[in-house]
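In: I'd like to go over a predicted model; first the sequence, then the structure.
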Amino acid sequence: MSQANVRSVEALKDFKKAMITFMEDARNALTSTEMEIRQTRNWLERDQLAYWKGQIKKGQEAVAQARADLHRRQLSQMNSDSANDADQKEALRKAQKRLQEAEEKVQRIKKWSPVLEHAIAEYHSQSQPLGDRLSGGLVTSIAILEKMIVALEGYLAIAAPITKVESSSGGGGGAAGGAAAKTASGGSDGVSTAAAPAAETAAAAKPAEGAAASDGNQAAEPGAKVPEGASASRS
């Protein structure tokens, strides 16, 4: 199982913000580029082409009109010794020049339109993967980062368990106290055991003392007759 060496949740947050900023900037760039491409294509293929085609039509009409004017001028001065048709010829020359310019513009537009389409196709082949990544993979990556941040913050919010560790000196003191108590109890048992024979001896001596006392009392009673032989033997 793979492990991540994450040392800062704030770094993940900053990285997520940077990814979001990049995604927004990249989308804006792609959108603006597409708008420029569309405007350029419309300007070239619609506006310019339509305009110069219209100029060709107007130029053809102007050339036809200039030729007609020149022809009328020449007919009107056919029998004149000093024919003057320079103005009509100059007007025809200018009309033909404008027509030629319009026709050249149309030819250039038709020439550059395929070049523009080829360049647009190459651009789309390079930008399309980026657009797909922005709308798919990058969004997924940002969502994964968000889940990681939430999980790590939840993990950090959990308080660490506090373990109560008993002091070794206290335990030793308890054991020593228990041993001392046991020794004291054992010592008392030894004293009582040693004192038991003396108590038994003292108890056995009490009847003998009682018997001697009773003999003394009998000897001390007044008026008692003691045989002479017995008294002599006792003395």
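Out: Looks like it came in fine. Residues are numbered from 1 along each chain as shown.

In: Domain ranges for this protein, per the record?
Out: What automatic domain parsing lists as the domains of the chain is 9-157, 184-219.

In: can you give me the strands in the protein?
Out: In the chain, no strands are defined using DSSP state E.

In: quick one: the helices in it?
Out: For the chain, applying DSSP state H gives helices covering 9-41, 49-76, 86-135, 137-157, 168-220, 228-234.

In: Got the confidence number for A62?
Out: At A62, the model reports a pLDDT of 94.

In: who touches the residue nearest to Q60 when sequence neighbours are not counted in this structure?
Out: Spatial nearest neighbour of Q60, excluding adjacent residues (CB to CB, 6 or more residues apart in numbering): L99 at 6.1 Å. For every residue, glycine as well, the C-beta is placed using N, CA and C. By CB atoms under 8 Å, 6 or more residues apart in numbering, the residues touching L99 are 56, 59-60, 62-63.

In: can you do 7 Å?
Out: Residues in contact with L99 (CB atoms under 7 Å, 6 or more residues apart in numbering) are 56, 59-60, 63.

In: Pull out the buried members of these.
Out: Using 16 or more other CB atoms under 10 Å as the burial test, these include 56, 59, 63 as buried.

In: Please tell me how far the last one sits from K53.
Out: The one in question is V63. 16 Å (CB to CB, to the nearest Å).

In: cool, the second one as well?
Out: Relative to K53, G59 is positioned 11 Å away (CB to CB).

In: for L134, same thing?
Out: Counting by CB to CB - L134 and K53 are separated by 40 Å.

In: do the same with A64
Out: 17 Å.

In: And for A157?
Out: 72 Å.

In: Give me the more crowded residue out of these two.
Out: K53 (15 against 7; other CB atoms under 10 Å).

In: okay but the more buried one is in contact with V106, surely?
Out: Yes. In this structure, K53 is within contact of V106 by CB atoms under 7 Å, at 6.1 Å.

In: can you pull the contacts of the closest residue to L49 other than its chain neighbours?
Out: Sequence neighbours aside, I109 is the residue nearest to L49 in space, at 4.9 Å (criterion: CB to CB, 6+ apart). Residues near I109 by CB under 7 Å, 6+ apart: 44, 48-49, 52.
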